[in-house]
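A.B. asks: what's the 3D shape of this:
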Amino acid sequence: MINNGSILNRSVLVLNTNYAPMDICTARRAICLFFNEKVEILESYNDSIHSPSTKLSLPSIIKLRNFVKYHKLDVILTRRNVLVRDNHQCQYCDSRKGPLTMDHVMPKNRGGEDTWENLVVACQKCNRKKGSRTPDEAKMPLNKKPLKPNKIHYFQKFIHDQQSAWRPYLFMESF
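C.D. replies: The predicted structure is shown next:
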């Protein structure tokens with residue numbers, strides 16, 4: 001099945017058999033899981049994909065067929081996840097203009113580590129201006145204190161108009 005790459009990169013909510021949110025994957029991955037009979041499709045986008053012999057509505061929410069013991073509500077610390085947490089916005093000046101960088105609140109050369117509480121998104125201008133100083137030393141206060149996100153709150157950031165069907169599964173409204 002070949003189609004526009006952007007449609008196959010659309011976000012899909014993955015639920016365990018007990019309907020607990022587990023992960024977010026791409027539509028491409030969800031389709032592979034569906035054809036390998038690992039998941040069932042609960043909700044679909046209005047779009048569909050085609051092959052010469054098959055038409056399939058693009059999945060929006062999938063549910064695993066077999067229960068996976070999964071208790072981690074941790075969000076993995078990656079550049080992409082820090083960008084999502086900080087809304088792709090400089091935490092010093094609110095700029096969304098790229099390229100955006102990762103800034104260590106406590107600089108690495110002063111013992112700062114790669115942790116949720118020490119990394120923020122910064123535009124290049126602010127990152128250069130702050131340099132190897134703390135925000136207080138640079139007189140550049142952070143817009144909000146960087147915290148480790150909860151997985152449910154992290155998933156909620158992926159909800160846009162097209163993902164309104166996700167809301168009940170992410171405790172944002174009743175079924």
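A.B. asks: A138 touches K129, doesn't it?
C.D. replies: Yes. If you go by Cβ atoms under 8 Å, A138 and K129 touch, sitting 6.7 Å apart. Where C-beta positions appear, they are placed from N, C-alpha and C, glycine not excepted.
A.B. asks: any idea how the protein splits into domains?
C.D. replies: 5-70+151-170, 74-149 (automatic domain parsing).
A.B. asks: and those, which one averages the lowest pLDDT?
C.D. replies: Mean pLDDT values for the domains of the chain show the minimum at domain 5-70+151-170, a mean of 92.
A.B. asks: starting at the chain centroid, how far to that one?
C.D. replies: With Cα atoms, centre = their mean, to the nearest Å as the basis, domain 5-70+151-170 stands 14 Å off its chain's centre.
A.B. asks: for stretch 99-114, same thing?
C.D. replies: With Cα atoms, centre = their mean, you get 21 Å for stretch 99-114.
A.B. asks: quick check: buried residues in that stretch?
C.D. replies: For stretch 99-114, a neighbour-count test (16 or more other Cβ atoms under 10 Å) marks 100-101, 103-105, 107, 112 as buried.
A.B. asks: swap in stretch 86-94?
C.D. replies: 86, 89-92.
A.B. asks: how about it as PDB, C-alpha atoms only?
C.D. replies: The C-alpha trace of stretch 86-94 is given here as PDB (Å, rounded to 0.1, in the frame of the first residue of the first chain):
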ATOM      1  CA  ASP A  86       7.400  22.700  25.700                       C
ATOM      2  CA  ASN A  87       5.000  23.100  22.700                       C
ATOM      3  CA  HIS A  88       7.800  23.700  20.200                       C
ATOM      4  CA  GLN A  89       8.400  27.100  21.900                       C
ATOM      5  CA  CYS A  90      11.500  28.800  23.400                       C
ATOM      6  CA  GLN A  91      11.100  28.700  27.100                       C
ATOM      7  CA  TYR A  92      12.800  32.100  27.500                       C
ATOM      8  CA  CYS A  93      11.200  34.300  24.800                       C
ATOM      9  CA  ASP A  94       8.200  32.200  23.600                       C
END
